[in-house]
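Participant: Here is the input, now give the coordinates:
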Amino acid sequence: MSVKRIYLLILLCLALSACSSGVVQTSVVIPVDTTPQPVQTDTPSATPTSTATITARPPTETPTLPPTSTFTPTPTQTFTPTPVPTYVRLRGKVIIDQAVCHYGPGAPYLYKYGVYKGSNLEILRRVALGNYIEVQAIGGNNPCWVRADYMEIDGDLMDLEPVNAEDVKLPFTPYYSNTITGVSAQRSGNEVTISWHPFVLRPGDDSEQVPYLIESWVCQNGQYIFNPVGAWQTSITIVDEPGCDQPSHARIYATEKHGYTRWVNIPWPAADEATPEAEEAAPAP
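Facilitator: I've put the predicted structure just below:
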């Protein structure tokens, strides 16, 4: 008989028994099926476990900072301006009967006017490397150039402002735009001979003074000097010796009564260190 039927039979008997006695049994014994049942054991599936690989990180290095340098400002060089020399104007008196006062600082320059013995004049400047001074009437405004030794000067000549001959303003002719041509120079020992082509003037333009002006800067007696010379012909010889630190040079103008043409540079031959006299005196090898 199956378990289920036995179970129903027991229930029926109990019910009948209860009805006959009037007592309700509250305890019910339920038979338990003791047949061993196969126990299903759930074998968990192997779940792959992710193994975290920990890589050891080296300890973080604290960067070593360079030592903080303390900024020490470099002392600023103090500019000391070169003192500007102070020049003066002097007074002087003409000591010869008549002195020619020129447009430029030398005897070959065009005549401007004459100054006379006993005249008191204001002295403005001196020419560098030369012996001419710029003068004018006291309170005047028409200066010219005269030799310094023609005057008795009240004061020191070296206190006057020096001016380079190149910076002296000459009167230039408005009527001739051409210049001297064919200029050349040849040296023989300490002598330089300059030559050029004639400069032709229109009738009436002759200044009746030297028709050519040469401004030269040369070495003579160990001194570098400014040496202006005038020429009546188309050649002239100038002494230029070795022994000076500065190079010699020269330029030439043509002259007419209204002024000067534009100057032309003279190709100046350099001086040799040994003069012909020294070469002759040297012993034979």
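Participant: which residue ranges form the helices in the protein?
Facilitator: Assigned by DSSP state H, the chain shows helices spanning 3-21, 276-281.
Participant: ok, of those helices, where does mean pLDDT dip lowest?
Facilitator: Among these, helix 276-281 has the lowest mean pLDDT, at a mean of 43.
Participant: List the buried residues for stretch 95-115?
Facilitator: Neighbour counts using 16 or more other CB atoms under 10 Å place 99-106, 108-110, 112, 115 of stretch 95-115 among the buried residues. The C-beta positions use only the backbone N, C-alpha and C, and glycine is treated the same way.
Participant: Same question for stretch 140-150.
Facilitator: In stretch 140-150, counting by 16+ other CB under 10 Å, buried: 143-148, 150.
Participant: Pick the one among these closest to Lys93.
Facilitator: Lys93 has its nearest neighbour among the buried residues of stretch 140-150 in Tyr150, at 10.1 Å by CB to CB.
Participant: got a pLDDT number for the spatially closest residue to the closest one that is not a sequence neighbour?
Facilitator: Nearest non-adjacent residue to Tyr150, counting by CB to CB, 6 or more residues apart in numbering: Ala99, 4.3 Å away. Note for Ala99: predicted pLDDT of 96.
Participant: now swap in Ala271 and tell me
Facilitator: Reported pLDDT for Ala271: 87.
Participant: still on that earlier bit, could you pick out which of the buried residues of stretch 140-150 are located in strands?
Facilitator: Secondary structure of those is defined by DSSP state E; positions in strands are 144-147.
Participant: Tell me the spacing between Thr255 and Tyr109.
Facilitator: Per CB to CB, to the nearest Å, Thr255 is found 9 Å from Tyr109.
Participant: Give me the common contacts of those two.
Facilitator: Leu213 (CB atoms under 8 Å, 6 or more residues apart in numbering).
Participant: Write down the beta-bridge partners of Ala99, one by one.
Facilitator: Val115 (DSSP bridges).
Participant: Out of the ones in strands among the buried residues of stretch 140-150, which comes closest to Ile180?
Facilitator: Trp145 (23.1 Å).
Participant: Make sure that closest one is actually in contact with Arg126.
Facilitator: No - in this structure, Trp145 is not within contact of Arg126 by CB atoms under 8 Å, at 9.7 Å.
Participant: who touches both of those two?
Facilitator: What both Trp145 and Arg126 touch, as defined by CB under 8 Å, 6+ apart, is the set 132-134.
Participant: Format those as TSV; extra columns: pLDDT.
Facilitator: Below are those laid out as TSV (pLDDT from 0 to 100):
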residue	pLDDT
Tyr132	98
Ile133	98
Glu134	98
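Participant: Let's have those in JSON lines, adding distance to Ala231 and neighbour count.
Facilitator: Shown next, in JSON lines, are these (distance: CB to CB, whole Å; neighbours: other CB atoms under 10 Å):
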{"residue": "Tyr132", "distance to Ala231": "19", "neighbour count": "25"}
{"residue": "Ile133", "distance to Ala231": "25", "neighbour count": "25"}
{"residue": "Glu134", "distance to Ala231": "25", "neighbour count": "22"}
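Participant: In strands, which of those residues fall?
Facilitator: Reading strands off these with DSSP E, I get 132-134.
Participant: Dump those residues to CSV, plus distance to Glu191.
Facilitator: Shown next, in CSV, are these (distance: CB to CB, whole Å):
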residue, distance to Glu191
Tyr132, 25
Ile133, 30
Glu134, 32
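Participant: And these, which is closest to Asn190?
Facilitator: Lowest distance from Asn190 to those (CB to CB) belongs to Tyr132, with 24.7 Å.
Participant: so that closest one makes contact with Asp149?
Facilitator: No - counting by CB under 8 Å, Asp149 is not a contact partner of Tyr132; they are 10.0 Å apart.
Participant: List the contacts of Arg126.
Facilitator: Neighbours of Arg126 in contact, by CB under 8 Å, 6+ apart: 132-134, 148, 157-158, 160-163.
Participant: out of everything not next to it in sequence, what's closest to it?
Facilitator: Using CB to CB, 6+ apart, the closest residue to Arg126 is Leu160 (4.5 Å).
Participant: dump the residue contacts of that neighbour.
Facilitator: Per CB under 8 Å, 6+ apart, neighbours of Leu160: 87-90, 123-126, 133.
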